[in-house]
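Asks: turn this into a structure:
(chains A and B)
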Number of protein chains: 2
Amino acid sequence: MAFEKVTRAQDYSKWYNNLVEDADLAQHSSVRGCMVIKPYGYAIWEKMQAELDRRFKETGHENAYFPLFVPKSLFEAEEKNAEGFAKECAVVTHYRLESDPDKPGKLRVDANAKLEEELIVRPTSEAIIWNTYKGWIQSYRDLPLLINQWANVVRWEMRTRLFLRTAEFLWQEGHTAHATKQEAIEETDQMVRVYEEFARNILAIPTIMGHKTESERFAGADDTLCIEGLMQDGKALQMGTSHFLGQNFAEAFDVKFATKEGKQEYVWATSWGVSTRLMGALIMTHSDDNGLVLPPKLAPFQVVMIPIYKGDEQKETVVARMKEIKAEIEAKGISVKLDDRDTQKPGWKFAEYELKGVPIRIAMGMRDLEAGNLELARRDTLEKKIYEQKDIANKVDHLLENIQNNLQQRAIDFREERTNKADSYDEFKTILKNKGGFIYAHWDGTAETEELIKKETKATIRCIPFTAKKEEGLCMVTGKHSAQRVIFAKAY
Amino acid sequence: MAFEKVTRAQDYSKWYNNLVEDADLAQHSSVRGCMVIKPYGYAIWEKMQAELDRRFKETGHENAYFPLFVPKSLFEAEEKNAEGFAKECAVVTHYRLESDPDKPGKLRVDANAKLEEELIVRPTSEAIIWNTYKGWIQSYRDLPLLINQWANVVRWEMRTRLFLRTAEFLWQEGHTAHATKQEAIEETDQMVRVYEEFARNILAIPTIMGHKTESERFAGADDTLCIEGLMQDGKALQMGTSHFLGQNFAEAFDVKFATKEGKQEYVWATSWGVSTRLMGALIMTHSDDNGLVLPPKLAPFQVVMIPIYKGDEQKETVVARMKEIKAEIEAKGISVKLDDRDTQKPGWKFAEYELKGVPIRIAMGMRDLEAGNLELARRDTLEKKIYEQKDIANKVDHLLENIQNNLQQRAIDFREERTNKADSYDEFKTILKNKGGFIYAHWDGTAETEELIKKETKATIRCIPFTAKKEEGLCMVTGKHSAQRVIFAKAY
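Replies: Sure thing, here's the model as predicted:
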């Protein structure tokens, strides 16, 4: 445990980086910008995957798998999409190595094994998937096509941060095809709502749903919906996006279908995704200066049990009783780890599991045992309390629910506290400087004004929210008409 | 349904290729050698993954994720491993595209964005993982390290076949580190046994466990254990491997640990994997000339229900009753699909689900309904029978178990029938020509003889089996001493 004690107040960014590494979530690798997701971090990601996957299947989607590589000629077919990703593409140019005659035991690229056409490592899979859908879609009977893929993608980012922005990341990407525009729009909307519900109930993170502005849209989309979370440093994090792709990819890949009436029409498309970036959101929303704080629904183990003893005889007695209690709690479907290692002292273990964000810690020594008690600490409030052992499984069960709800409520409260309205550009700048957070302000709807604000303040329009009242007003910068307030923030 | 009726006897290879595509399991993509795994095929793979993942976790392993790319200097560190994979490596050399000035709207590789060091797309992950383990292992307390990864890998194969040999495939790769040689050997052994049990009980495929000969070993391993299955054309298929890596990777990446006594020693390693190749094994072991035959434990849906009716009124009555029966069966934890589409006739549906290998088909018309009956067909034997609706859920449950067992038994019988001993090279050649299958024969233990046999007959030593009696004898080719019979076969 080399947790270097940097507080959020001292250096938020360093606090985050230390925490990710020290809590054994992820680390940098020898490959520029690529991370290793360590077992403890991956176990959290697996729980996210399971929750998301269930929701995708409940809404009628099936999983499939498409190639890692996209031939350049397919990649460039949808021009806006290609242009949007061209600057961050890893490119495979050769398919063989050979012994290096100048360096015994070393290899070099075999110049004779150059590919006729370069392969792009997928930064996103619209191109390869729509090229495949062409063969799958002939008539309205083949629609809708509701498919999701769990995969790795690569975007050659120059400035990377663990989970938040890495060259390779893990994600899911849904790609659906529909007979009508209306149906595709409804799918886009449905999936952003699936993300919002998942973030709220599983990650315990409240997010705001809305439309991206034109300049913040996914390359190749006619509309991008998103969920935006607010981190503890007052910066926003885009946590998931759902794109209405219109007929752009259908046209680029010539995917038409025969309608019931026998006409040939282009198919309507959506795509939507969330990634391991959600790990970053989770960490930054709930954790504190002592380490990670995990919502019970995502904790690899929800309860850790630590015996306190002197000598083998006491150990045997205490651990035996703890095993009984463990079995009782596990019978409720709760995951429990009993750490009875001799190699580490209780104090070390307390700090270790606090750092790792385990929601509940149970400790018990001989005196507790004899009194029929145990000590229970909750990670979210750091509160410690003596409980009777009687009916402990139910108590733990309720407490876990309570912790999940408390984390969510705390995040909601934080966001409310850091959400403000600005009615002038000066007020906007002052809020941004002093508090950060979400700022509801009027904007004239032009890319120019958006760009100016970004340049001057580093704040961007996070979204045009679904739920905001349609309160008309005047743009805080230009004084021109504004149809509704939009949400600004500095963002990751 | 464009299932082109080619029988196994007519053209086994074409039968396989047609089946994979027509049963909607997978298809070729626009990327040379890479496949698209379609939803129906992927659903089977997901079930395999869940079964394997549970077994890995039960034996103490955790999942993690390591980078897709391996820098060339790391890749070449373990020389034998590097040499073994060098000829089939996809290599990333650039990280950016730019607009092609000569072709408006097209892109080209940006020559200014050449990587200083080339990146190999992982053909296997020992190098990147052992380079990471170096930072994770300091003392005996850090061992054993028991980690698995679910990932895609790329091996640039020249001749590819769906599932059996593709440039990109999905797999899991376990990578463990141990303090002692003995413990690493036991892990290697444990994992090949996990594969054998999984193949037997879930895939319903009997396999033979054994050691690979030195020339068939994984590049960089001191010993390779494997499971070998026998396909219906009499050819063997290597279905999984577990490698004892000795200290080779620890030495190459300088991974030492402090023993309890305070000495510095190199760590002992294993790696083990199975891939989407198992899909090929599954298809080739059980399927017949009518299409796919799926073991109930892997079928995306285990029962399909098809209503027979004339007109809307009959449909409503029959479907309503079928929904009740469906709910009854599902209450047993059995997955059921009710296909009440009007767009296809019952005959079409019968053929479709037969092609897709659904273990049980239930059909019901008005006459059945009134008599309290239904028609049930099992896919493995193609047997049809009228059952009373009463207690149908239990009947289906038992039948599914029966089908799973029957498929396994059929595969065992087939293998027994195609397993022979040969006591002379002539006999060996005759059996190979007439029956194929596994041939137990004596071999002098040299790579030269092994190579000669391969060259003359195309048969290879599949393994030196664990269970064979230690019957000594004389090599069928050279007449030299042989410690035990080994298993030969032509193989995929």
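Asks: sec struct for the residue of the stretch 251-400 of chain A at minimum distance from chain B, please.
Replies: As assessed by CB to the nearest CB, chain B sits closest to A:T343 within the stretch 251-400 of chain A, at 6.0 Å. No exception for glycine: its C-beta is placed from N, CA and C like everyone else's. The three-state label given to A:T343 by DSSP: H, G, I helix; E, B strand; the rest coil is coil.
Asks: for it, grab phi and psi.
Replies: phi -70, psi -10 (degrees, to the nearest 10).
Asks: excluding chain neighbours, what is closest to it?
Replies: With CB to CB, 6 or more residues apart in numbering or on different chains as the criterion, A:T343 has its nearest non-adjacent residue at 6.0 Å, and that residue is B:R141.
Asks: ok so that neighbour is a helix residue?
Replies: Yes - applying three-state DSSP, one finds B:R141 inside a helix.
Asks: how many neighbours does A:W156 have?
Replies: 23 (other CB atoms under 10 Å in any protein chain shown).
Asks: what residues does the stretch 151-300 of chain A have near chain B?
Replies: Within the stretch 151-300 of chain A, the positions lying close to chain B (CB under 8 Å from any CB of the partner chain) are A:A151, A:N152, A:V154, A:W156, A:E168, A:L170.
Asks: rerun that using 10 Å as the cut-off
Replies: Within the stretch 151-300 of chain A, the positions adjacent to chain B are A:151-156, A:158, A:166-170, A:276, A:300 by CB under 10 Å from any CB of the partner chain.
Asks: filter these to the buried ones?
Replies: The neighbour count (16 or more other CB atoms under 10 Å in any protein chain shown) marks A:151-156, A:166-170, A:276, A:300 as buried among these.
Asks: ends of stretch A:339-357, how far apart?
Replies: For stretch A:339-357, the first and last residues are 15 Å from each other (CA to CA, to the nearest Å).
Asks: averaged pLDDT, it. What do you get?
Replies: For stretch A:339-357, mean pLDDT is 96.
Asks: can you give me the buried ones in that stretch?
Replies: A:K349, A:E352, A:Y353, A:E354, A:L355, A:K356, A:G357.
Asks: same check, this time on stretch A:373-388
Replies: Neighbour-count burial for stretch A:373-388, counted by 16+ other CB under 10 Å, picks out A:N373, A:L374, A:E375, A:L376, A:A377, A:R378, A:R379, A:D380, A:Y387.
Asks: tell me which helix or strand A:I306 sits in.
Replies: Here A:I306 sits within strand A:303-307, counting by DSSP states H and E.
Asks: same question but for A:G60, I mixed them up
Replies: Using DSSP H and E, no helix or strand contains A:G60.
Asks: neighbours around it, how many?
Replies: A:G60 has 11 neighbouring residues, counting by other CB under 10 Å.
Asks: contacts only, for the residue nearest the centre of chain A.
Replies: Nearest to the mean C-alpha position of chain A, by CA atoms, centre = their mean, lies A:L278 at 1.5 Å. A:L278 sits next to A:44-45, A:48, A:52, A:163, A:171, A:195, A:198-199, A:202-203, A:205, A:229, A:237, A:239-240, A:298 when contact means CB atoms under 10 Å, 6 or more residues apart in numbering or on different chains.
Asks: any idea how far the helix or strand hosting it is from the middle of the chain?
Replies: Here A:L278 sits within helix A:277-286, counting by DSSP H and E. How far helix A:277-286 lies from its chain's middle: 7 Å, per CA atoms, centre = their mean, to the nearest Å.
Asks: surely A:I283 is in contact with A:L19?
Replies: Yes - here A:I283 reaches A:L19: they are 6.3 Å apart, a contact under CB atoms under 10 Å.
Asks: tell me, what's touching these two both at once?
Replies: Shared contacts of A:I283 and A:L19, defined by CB under 10 Å, 6+ apart, comprise A:L25, A:L162, A:G291, A:L292, A:G357.
Asks: Serialize these to JSON lines and add fields for secondary structure.
Replies: Shown next, in JSON lines, are the shared contacts of A:I283 and A:L19 (three-state DSSP):
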{"residue": "A:L25", "secondary structure": "coil"}
{"residue": "A:L162", "secondary structure": "coil"}
{"residue": "A:G291", "secondary structure": "strand"}
{"residue": "A:L292", "secondary structure": "coil"}
{"residue": "A:G357", "secondary structure": "coil"}
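Asks: now, of those, which are buried?
Replies: A:L25, A:L162, A:G291, A:L292, A:G357.
Asks: roughly how far does the nearest residue to the third one once chain neighbours are set aside sit from B:T166?
Replies: For A:G291, the nearest residue in space outside its immediate sequence neighbours is A:L355; the separation is 3.5 Å by CB to CB, 6+ apart. Applying CB to CB, to the nearest Å, one obtains 43 Å for the distance of A:L355 from B:T166.
Asks: what's near enough to touch the closest residue in space to A:G105 that isn't next to it in sequence?
Replies: Of all residues not flanking A:G105 in the chain, B:E79 sits nearest, at 5.6 Å (CB to CB, 6+ apart). When contacts are counted by CB under 10 Å, 6+ apart, B:E79 touches A:P104, A:G105, A:K106, A:L107, B:A219, B:G220, B:N248, B:A252.
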